[in-house]
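# give me a model of this one.
(one chain, ligands or ions: 1)
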Amino acid sequence: MKSLAVLHASQLVTLTGPSRPRVGAEMLELGIIRDGGMLIRDGRIELVGPSDEIEKNAGDAEVINACRKVVLPGFVDAHTHLVFAGNRLDDFERRVRGDTYEQIAKAGGGIWSTVEKTRATSEADLLVQARKHADWFLRCGTTTVESKSGYGLTIDDELKILRVMRRLSHETPLEIVPTFLGAHAVPRKMHADQYVDMVVNEMLPRVTSDSLAEFCDVFCEHGYFDIEQSGRILSAAKTLGLKLRIHADQLSNSGAAMLAAELKTTTADHLEKTDEQGIAALKSGGVQPVLLPGSVYALGSMSYPRAREMIEAGLAIVIATDFNPGSSPTPSMPMILSLACTQMKMSPAEAISASTINPAANFSIFDCDDYRELAYWFGFPQTHSVYVKGSRAH
Ligand SMILES: [Zn+2]
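Sure thing, here's the model as predicted:
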């Protein structure tokens, strides 16, 4: 593997610091080196510092001139539904016209239309579409995504989706952390409890015996899975060795943040309706909030989560796209940076801290001088190039 020397970045954003998620004022510390450089050997960062120092040690490394560019660790998108068939263009048009969720569902739209299309699509064809999505993420500077199943809702279709993720992570440079979200919705003509039994007794054991997921997630919401049902699924998953996530308080304050704290889930996601009590519970349970402003925006809502209160409470917040065909059709972390700043009043530094982790040799180079430009200019990619484990990925 050839060595790389990245030189003369106007800002090399290192995010060096403690090897734990940043909280509070730490989120403002990006560890920026001006005229910065780094040396990468064998897919690992060997040296980071001022360009002249890197140049002295570069030997025969291939030089990447990052003059007048920002270099950033690759974005980590911690909440996506990457694998699905088709799109929801008709729903989009209906929503724009003012149709309600119920009207859209009645017209044959909503999550169920994606489930039907995904079930009817072969593993090979799903992979073709998923590759396209993976390419979109890379093009926006994202090098790692968490990706959920959940558009199958039968054992065979959920396993099919998880296998597509596994193949995608082998066949593309995008790094994928797989999550089993069998409890994304209750299948038609089934009672929720009956389906929960199926998730716990049939799906989870297969998912874990085939090592197809690292995390288990549940859509905890009225009309989907209540607190008790969500708790049953997540507890069973924990017993089988999976780590936990939860879709919490998106449409109503249902107490899901409390459940997350009780079960010490790794993350609680959405939290649009979470109040002070929920925020305090997340803090005491050591749960990381994953905030998804893209879905609030795309649904035409103004109900953004209370990011500032969460930061002030010392929570290690994360921002992510929630990429999915219904409520958040965007793979763009730069768009999420813009929304985090303009709608949730996070500073550009806080938004960057919440969208990357400490450096691996995964990094992106952007055609701008100042990291704040990533959140400032919005709606078009400023990506120059993207590297995963030291190799060019886009
Ligand atoms: Zn989601």
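# for Leu174, give me its contacts.
134, 137-138, 142-145, 168, 388, 393 (CB atoms under 8 Å, 6 or more residues apart in numbering). For the C-beta atoms, the positions are set from N, CA and C on the backbone; glycine is no exception.
# could you rerun that using 10 Å?
Leu174 makes contacts with 74, 77, 82, 130-131, 133-138, 142-145, 147, 168, 386, 388, 393-394, as judged by CB atoms under 10 Å, 6 or more residues apart in numbering.
# could you measure from Ala236 over to Met203?
Distance, Ala236 to Met203, using CB to CB, to the nearest Å: 10 Å.
# same check, this time on Gly326
Gly326 is 22 Å from Met203, where distance means CB to CB.
# list the helices and strands the worst-scoring helix or strand of the chain on mean pLDDT packs on?
Among the helices and strands of the chain, helix 101-106 carries the lowest confidence by mean pLDDT, DSSP states H and E, at a mean of 85. In terms of contact count using 3 or more CB pairs under 10 Å, 6 or more residues apart in numbering; DSSP states H and E, helix 101-106 is assigned the packing partners helix 89-97, helix 111-119.
# relative orientation of the first one and helix 111-119 in degrees?
Between helix 89-97 and helix 111-119, the angle comes out at 160 degrees (axes from the mean of the first three to the mean of the last three CA atoms, to 10 degrees).
# what is in contact with Ala236 and Met203 at once?
Joint contacts of Ala236 and Met203 (CB under 10 Å, 6+ apart) are Cys216.
# more neighbours: those two, which one.
Neighbour comparison, Ala236 and Met203: the larger count goes to Met203, with 25 against 18 (by other CB atoms under 10 Å).
# tell me which stretches of the stretch 1-150 of the chain form strands.
Taking DSSP state E, counting those that start in this stretch to define them, one finds strands in the stretch 1-150 of the chain at 4-13, 32-41, 44-50, 62-65, 70-73, 75-80, 142-148.
# so which elements touch the fourth one?
Pointing back at strand 62-65 there. Using 3+ CB pairs under 10 Å, 6+ apart: strand 62-65 touches strand 4-13, strand 32-41, helix 51-57, strand 363-366, strand 383-388.
# ok, now which ones touch the closest residue to Val145 other than its chain neighbours?
Leaving out its chain neighbours, the residue that sits closest to Val145 by CB to CB, 6 or more residues apart in numbering is Asp77, at 4.5 Å. Each residue near Asp77 by CB under 10 Å, 6+ apart is listed here: 137, 140-147, 174, 177, 290, 318-323, 331-333, 336, 355.
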